[in-house]
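Q: Build me a model:
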Amino acid sequence: MSRLSEAKGIIECITLLERLQKEGFTAHLHLAGSIEPDARKHIEAAIKKHGEKIILHGFVSGAEKDSFFREIDFFLFPTRYHNETQGIVNLEAMSFGVPVIAFDRCCIGSDAEGGGGLAIPPTDDYVEAAAAFISDAMSTMREKRALARERFDYLLNHSSREIDELIGEL
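A: As a prediction, this is how the structure comes out:
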């Protein structure tokens, strides 16, 4: 799990929680990962304001990480990190059937949208787009979760074939 920071989108995640609550959702924000100093003040303020609606998991690995992914409906990845690549954590979420809602950076977009999630252009309003997507997706969650898992399986099999071909050529 990545560190929670402003560049990785903690402000957008908190703002999305607030937006969903205003729209009548009983939303919770599960946060996993170490907390960077720039994110701590935002998280502490949000906990004071929203209390039990924010669940801090801290650093997770192994069974704790599996449990985290089983608890969430969507994986939020509004990264603005300038060197972002694929985001392995997105693939981990999808392996548990969790759709990803992310900024479309590098190949994150094709992974997310192909898996029942949403890829948002980095110039768009993440909170606006994610809130609309979540509102629409709640009635088709079973399908969205199945698509996420199917996309993960496809990407895994595709990568395995490519590795086998590369080894064969060597």
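Q: contacts, neighbours, all on C-alpha from now
A: Will do.
Q: Which other helices and strands does the longest helix anywhere in the chain contact?
A: As assigned by DSSP state H, the longest helix anywhere in the chain is helix 141-169. Counting contacts by 3 or more CA pairs under 8 Å, 6 or more residues apart in numbering; DSSP states H and E, helix 141-169 packs against helix 88-95, helix 108-114.
Q: how about 7 Å then?
A: Other elements packing on helix 141-169 under the criterion 3 or more CA pairs under 7 Å, 6 or more residues apart in numbering; DSSP states H and E are helix 88-95.
Q: Which elements pack onto the very next helix or strand once past the helix it packs on?
A: Using DSSP states H and E, the helix or strand that follows helix 88-95 in sequence is strand 100-103. Counting contacts by 3+ CA pairs under 7 Å, 6+ apart, strand 100-103 packs against strand 75-77, strand 118-120.
Q: Out of the ones you listed, which is closest to residue 129?
A: The minimum distance between residue 129 and those falls on strand 118-120, with 7.1 Å, by CA to CA.
Q: for this protein, what helix or strand is lowest in average pLDDT?
A: The weakest-scoring helix or strand in the chain, judged by mean pLDDT, DSSP states H and E, is helix 108-114 (a mean of 85).
Q: Can you tell me what sits against that helix?
A: If you take CA atoms under 7 Å, 6 or more residues apart in numbering as the criterion, helix 108-114 is touched by 86, 87, 99, 100, 101, 118, 119, 151.
Q: and the fifth one, what is it in contact with?
A: Spelled out, it's residue 101. By CA under 7 Å, 6+ apart, the contact list for residue 101 reads 74, 75, 76, 77, 112, 117, 118, 119, 130.
Q: What count of nearby residues applies to the last one?
A: If I follow you right, that is residue 130. Close neighbours of residue 130, defined as other CA atoms under 10 Å, add up to 25.
Q: element containing it?
A: Here residue 130 sits within helix 126-137, counting by DSSP H and E.
Q: Which elements pack onto that helix?
A: helix 10-22.
Q: and the next element down the chain from the helix it packs on?
A: Helices and strands here follow DSSP H and E; after helix 10-22, the next one along the chain is strand 29-32.
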